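Engineer: give me a model of this one.
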Amino acid sequence: MDIELRYIQLSHDELPVQRVLEIDGVNYTFNFDYNSVGDFYTFTILDEDEIPLYSSRLIYLSNSVQEVVPGLSLKKKIITLNLPDVLQEIPGIERISKDNFDTMRICII
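Structural biologist: Predicted coordinates:
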């Protein structure tokens with residue numbers, strides 16, 4: 001079984017930023033942003049008409065899309081990770097923050 005892995009690398013300094021990504025043959029616009037009050041990162045998925053379909057926090061080592069949403073037919077998972085940390089026997093990072101965001105990869109699996 002082949003697993004296709006694509007990732008987005010963003011830096012804290014470029015936020016807020018918008019990226020158009022083709023997933024499962026559909027173009028989605030992703031808006032990525034930072035919440036300085038809570039020290040966390042968010043994303044919003046928009047359809048081709050720029051209508052918001054889903055919004056959530058980026059979650060470390062978990063799928064950030066946690067719900068079935070009408071109009072959003074993602075078969076892929078969006079998982080944010082730090083590769084060196086994941087390869088450790090016991091990962092040391094517990095959450096995504098301003099201190100470690102630049103080392104993260106937003107993976108589409």
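
Engineer: so what touches stretch 67-78?
Structural biologist: Here stretch 67-78 makes contact (C-beta atoms under 8 Å, 6 or more residues apart in numbering) with 23-24, 26, 28, 43, 45, 47, 51, 53-54, 63-65, 106-109. To be clear about C-beta, it is placed using only N, CA and C from the backbone, and glycine gets the same treatment.

Engineer: run the last query once more with 10 Å
Structural biologist: Residues outside stretch 67-78 that contact it (C-beta atoms under 10 Å, 6 or more residues apart in numbering): 4-6, 8, 21, 23-26, 28, 30, 43, 45, 47, 51-56, 58-59, 62-65, 106-109.

Engineer: in that stretch, what counts as buried?
Structural biologist: Neighbour-count burial for stretch 67-78 flags 74, 78 (criterion: 16 or more other C-beta atoms under 10 Å).

Engineer: just the buried subset of the contacts of stretch 67-78, written out for PyMOL, thanks.
Structural biologist: Entered in PyMOL, the line below selects the buried ones among the contacts of stretch 67-78, by 16+ other C-beta under 10 Å:
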select buried, resi 8+23+28+30+43+45+53+54+58+59+64+65+106+107+108
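
Engineer: just the ones of the contacts of stretch 67-78 in strands?
Structural biologist: With strands taken from DSSP state E, the overlap with these comprises 6, 8, 21, 23, 26, 28, 30, 43, 45, 52-56, 106-108.

Engineer: residue 85: which element?
Structural biologist: Using DSSP states H and E, residue 85 sits within helix 83-86.
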